Structures are given as C-alpha cells and as structure tokens.
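Visitor: fold the following and give me the result.
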Amino acid sequence: MAVARLPNTSPQTLLILDLLLAEFATATWCYGYDLSRRSGLKSGTLYPILVRLAERGWLETSWAAPEQPGRPPRHMYRLTAEGAAQHADARRRKRGQPA
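Guide: Here you go, the predicted structure:
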C-alpha cells in the first residue's frame, strides 16, 4: 500500500492551516481574499497552497454566489476532518514529536 506524500508543511502552509483550523469547529467557509488578508500572503503563494491542500482532501472547496450584483463568485475553502488530523500530525513533526 502506497502512502500518500504529505503536502509541504512550510511555515506558510501551516499558517493557512492554522487559520482554517480556527474556523473548523464551526464549519465556517473562508474565501481566498480573506485568507490572504489575514495571513499576509500574496496570491502567488496562497493559491498554490490551497490547490495542493484541496487535491489531498485536506480542504473542501465551493463557489459562493456574489454578494453584490456584477461581482464575481467567490471560491470558498473549509478544512476537512482529514485536514484537521493531518495538520495536527504536521505540527507534531515540526516540533520533532512522533506522529
């Protein structure tokens, strides 16, 4: 059985996971611009992280209707239970603790 390679657990990835984990208990959706604003990450850093996490099943994604007519829809992100568990493992590894 092949073990899936874990996504990069760079400081930037862990920051995004931390932000999403804060919303996990309430199942709150976050949109990319909000995550960019809260993390201070530029879109060229943020969106590749979000894509990688979604591809591995750590994030659930959805499109939300625009809040105002004429505005584009928003791409929303929410941490999955798998993502929350993997995030905890990644944090332990960063601290040098066994997974």
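
Visitor: burial of residue 43, as a residue count?
Guide: Residues contacting residue 43 under the criterion other C-beta atoms under 10 Å number 12. The way it works is simple: take the backbone N, C-alpha and C, and place the C-beta from them, glycine included.

Visitor: please disregard the earlier target; I meant residue 33.
Guide: The tally of other residues near residue 33 (other C-beta under 10 Å) stands at 12.

Visitor: now do residue 47
Guide: Number of residues near residue 47 (other C-beta under 10 Å) recorded here: 15.

Visitor: tell me the pLDDT at residue 85?
Guide: The score at residue 85 is 87. That number is its pLDDT.

Visitor: element containing it?
Guide: Assignment of secondary structure by DSSP states H and E places residue 85 within helix 81-94.

Visitor: and what about residue 57, helix, strand or coil?
Guide: The local conformation at residue 57, judged by DSSP: H, G, I helix; E, B strand; the rest coil, is coil.
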